[in-house]
Structures are given as C-alpha cells and as structure tokens.
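Asks: Provided below are the primary sequence and the corresponding predicted coordinates.
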Amino acid sequence: MRNNVARSKLLLRQPVINGWCSIPCAYAAEIMAHQGYDSLTIDLQHGAMSYETAFAMLQAISTTRTVPLARVPWHNPGLMMKLLDAGAYGLICPMVDSAATAEAFVAACRYPPRGTRSFGPNRATLYSGAGSSAAYAADADAEILLLAMIETRDGLDNLEAILSVPGLDGIYVGPGDLSLALGVPPSMAPSDPAVVTAIASALSAAERHDRFAAIHTDGPETARKRIAEGFGMCTLQNDVRLLSDGAKAQVAAFRKAFS
C-alpha cells in the first residue's frame, strides 16, 4: 500500500509543508501539486468546490507525489467516508470542541473494530496501490492522517480530552477562528497575547500526548517560526491568495513603470 509520506515525515519529526486549494478546479490543484508541497489540502469548508469537483482534484493531485488531504465542511460522517473512498489520504475536521466530536470524527474514518467506516473504497483502492478493496481496508488505518481543528474556547478547554481520543493523529490549530473566539480580529500570524498563549498551550498539550501539531500560517516566514516552535505541519497561503498576490504584484509593477 502507498505510504503516506506526510504522515511518515511527521513521525520522523521532519517538517511538513502543506498547500491549500480553495479554487474548484482540477487543473489548479494539479499545478499546486507540482510545486513541491509535502501535502495538499482540498478545502471543502471555505473552498468553492463540491464533492464531485474534489474527486477530480484528488485525481489531479495524484499525478505527483504530493499527499492528498481534504478539510471537510462540518461533522458529516457520510462525506468523510466518501472523501476517503475517493482517495484522500487524510482529513482535517473543523470546529472540534469536545472529545465526543473527536470520537465521532475518528469513528467515521477508521474501519471496524476501531471505528464505523463503511467498507466500499472506490478510487482509494487505485490510489493506494493496495491491489484490492480488502487489502486497502486492511492497511488504511495505518496511513490515513486525522487532524482535529482546535479553534474555539471549548476546544481549548477540552484539549486534554480531545487529545486522549484513540485513533486521532493530532490537532490542527486554526488561528483565524481561534482569534475570533478570543475576542480579537482574525489573523494567520496573531500577536495578541491571549491568542499567542492559546497556541502555545495547544502545542504543549499535543507534545505531552505525543500527537502531531499542525497550524495555518500566512506564508514561509511565519511557517518557519512555527516549525521552530515545535509544530510539525504548516500550511502556507492558499491558491486564491497566491493567485491574487501574484496578479496584483505584476499589475502594480507595470503601472509603476508608467507613473
């Protein structure tokens, strides 16, 4: 079965750089996947794509060695199973604020007896190279990466219980929603003391429980800082921001020449 390189790097304490797809386009996902990211997340929460488009994007990412991940829009077990069946090698679940929510997330993504994931991998059998659906099911739990997003006050308060849930690989800190939850404007590089303390607390808790810690950033500078702090996975800017920043810079450079 195909190795989840991102998960393996996390186990080896090697930094993982994650890309982010919000544009509902397989071609855009393919371009992103060819840029050298360790993993690439299809965002079904705030991105503009449907399940069918995400399916095609998973196929496009598979033209590279980049590990395909997906963020689900909510606590929807059916969609989680469908994305895994389509070949996602990991899921990020938003707004996990209790052990019960984390348990339900894990159960939907692990096969019995560890969970309740229904058997019926379709494209996942092809992507994994397992050779058969039964062979995929036998090894999938060891490769699929499951990260619970910590981005609410309740999530922070219940962090110890969340991190104690069997089968959960780690947490993914969402600085934007976490900032809002703590009463300050959203930021991917927060400087507010309360948010800084909350992020440090989440990282420390993950380390105590020997779980992975991932976080969203605003680019390489913040990502390098987070890796130095101890985070194992950092997400850089999404495809929308990269497109808009690149286009804006070129237009500004052109207009400057004629000003």
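Replies: Nice, thanks for sending it over.

Asks: For the rest of this, base every contact and every neighbour count on C-alpha atoms.
Replies: Will do.

Asks: Next secondary structure after the strand or helix carrying residue 147?
Replies: For residue 147, the element it lies in under DSSP states H and E is strand 145-150. Per DSSP H and E, the first helix or strand lying C-terminal to strand 145-150 is helix 153-157.

Asks: Which parts of that following helix count as buried, going by neighbours?
Replies: 153, 155, 156 (16 or more other C-alpha atoms under 10 Å).

Asks: hmm, back to that, any chance you could list what contacts the strand holding residue 147?
Replies: With contacts defined as C-alpha atoms under 8 Å, 6 or more residues apart in numbering, strand 145-150 is touched by 7, 89-97, 102, 106, 156, 159, 167-174, 178.

Asks: what's the answer for stretch 206-214, then?
Replies: Under C-alpha under 8 Å, 6+ apart, the answer for stretch 206-214 is 10, 163-164, 169-173, 203, 230-235.

Asks: where does the residue nearest in space to the middle of the chain land in three-state SS?
Replies: Centroid-nearest residue in the chain, with C-alpha atoms, centre = their mean: residue 92, separated by 4.5 Å. Three-state call for residue 92 (DSSP: H, G, I helix; E, B strand; the rest coil): strand.

Asks: I'd say it and residue 72 touch.
Replies: Yes - if you go by C-alpha atoms under 8 Å, residue 92 and residue 72 touch, sitting 6.4 Å apart.

Asks: Mind telling me what element the closest residue to residue 54 other than its chain neighbours is part of?
Replies: Spatial nearest neighbour of residue 54, excluding adjacent residues (C-alpha to C-alpha, 6 or more residues apart in numbering): residue 42 at 6.8 Å. Here residue 42, judged by DSSP H and E, is contained in strand 39-43.

Asks: List the buried residues in the next helix or strand after that strand.
Replies: Per DSSP H and E, the first helix or strand lying C-terminal to strand 39-43 is helix 51-61. The neighbour-count check on helix 51-61 (16+ other C-alpha under 10 Å) flags 53, 54, 55, 56, 57, 58, 59, 60, 61 as buried.

Asks: moving C-terminal of helix 51-61, what's the next helix or strand?
Replies: Assigned by DSSP H and E, the successor of helix 51-61 is strand 67-71.

Asks: Need the contact partners of that following strand.
Replies: For strand 67-71, the surrounding residues in contact (C-alpha under 8 Å, 6+ apart) are 4-6, 38-45, 58, 61-62, 83, 87-94.

Asks: try it again with 7 Å
Replies: 4-6, 38-45, 58, 61, 88-93 (C-alpha atoms under 7 Å, 6 or more residues apart in numbering).

Asks: Show me the helices in the protein, by range?
Replies: Shown for the chain, the helices assigned by DSSP state H span residues 5-11, 26-33, 51-61, 77-85, 99-109, 123-128, 133-143, 153-157, 159-163, 175-181, 193-208, 220-229, 239-257.

Asks: Let me have these in TSV, extended by distance to residue 117 and mean pLDDT.
Replies: Output for the helices of the chain, formatted as TSV (distance: least, C-alpha to C-alpha, whole Å; pLDDT from 0 to 100):
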stretch	distance to residue 117	mean pLDDT
helix 5-11	20	98
helix 26-33	27	98
helix 51-61	18	98
helix 77-85	7	98
helix 99-109	5	98
helix 123-128	14	98
helix 133-143	10	98
helix 153-157	24	98
helix 159-163	20	98
helix 175-181	29	98
helix 193-208	25	98
helix 220-229	33	98
helix 239-257	31	97
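
Asks: Next one: residue 17 from residue 237, what distance?
Replies: 11 Å (C-alpha to C-alpha, to the nearest Å).

Asks: got it, and residue 14?
Replies: Applying C-alpha to C-alpha to residue 14 and residue 237 gives a distance of 20 Å.

Asks: Residue 77 now?
Replies: Plainly put, residue 77 is 28 Å away from residue 237 if you go by C-alpha to C-alpha.

Asks: same check, this time on residue 23
Replies: 13 Å.

Asks: Please apply the same query to residue 214.
Replies: 14 Å.
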